[in-house]
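Participant: can't give you the sequence, but here's the structure:
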């Protein structure tokens, strides 16, 4: 993703039995992706700073404490009430149809600009800053979508967040 995020939305689609993630950037690029139950099961721990396969911490204890403080600040400052606005002249770098996410990769974890990549089986995906404020916002928007899904993923110890689901 080449520009700053302006809006994020996650909504459950019962017909597809998937969560639709939409991300809009300041330059009107729209990225949309389907998230399945299986993918969500590995994504949530990754957003909490755990390796999705091994469960090992991706950050030191000091970094985790600092990250949690930044996450709480981001959630307190975010506008989760305003509806997602489709841009009038949108650009769809991944195509107008949502991609189906199947993989998670991390880039430059030890650097100042770590990245979380949400990817389909083939082709480009969505690259997001692996920063506490972005992770907190994603966790918050996913909480309501998960409630609507009734997937019963037993993620309650991980997802102890308020119920709102939109960031503006």
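Facilitator: The structure has been received and is ready for your questions. This structure is a prediction, so every number in the text was calculated from the model and none was measured.

Participant: Strands of this protein, start to end?
Facilitator: 5-13, 18-25, 30-35, 99-100, 103-107, 115-119, 126-129, 166-167 (DSSP state E).

Participant: State the mean pLDDT of the third one.
Facilitator: Here the mean pLDDT over strand 30-35 is 97, rounded to a whole number.

Participant: and that strand, what other elements does it pack with?
Facilitator: Helices and strands touching strand 30-35, by 3 or more CB pairs under 8 Å, 6 or more residues apart in numbering; DSSP states H and E, are strand 18-25, strand 99-100. Quick note: C-beta positions are derived from backbone N, CA and C, even for glycine.

Participant: Parallel or antiparallel, which strands does that strand pair with?
Facilitator: As defined by DSSP bridges, the strand partners of strand 30-35 come to strand 18-25 (antiparallel), strand 99-100 (parallel).

Participant: Please identify the most buried of those.
Facilitator: strand 18-25 (a mean of 21; mean count of other CB atoms under 10 Å).

Participant: Quick one: mean pLDDT over it.
Facilitator: So the average pLDDT for strand 18-25 ends up being 95.

Participant: Show which residues not belonging to that strand make contact with it.
Facilitator: Residues external to strand 18-25 that are found in contact with it (CB atoms under 8 Å, 6 or more residues apart in numbering): 1-13, 30-36, 40, 84-87, 90, 98, 101, 118, 126, 128, 142, 145-146, 149.

Participant: Any chance of a ChimeraX selection covering the buried ones in the residues you listed?
Facilitator: If you want just the buried ones from those in ChimeraX, going by 16 or more other CB atoms under 10 Å, the selection is:
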select :1,5,6,7,8,9,10,11,12,30,31,32,33,34,35,36,40,84,98,101,118,126,128,142,145,146,149
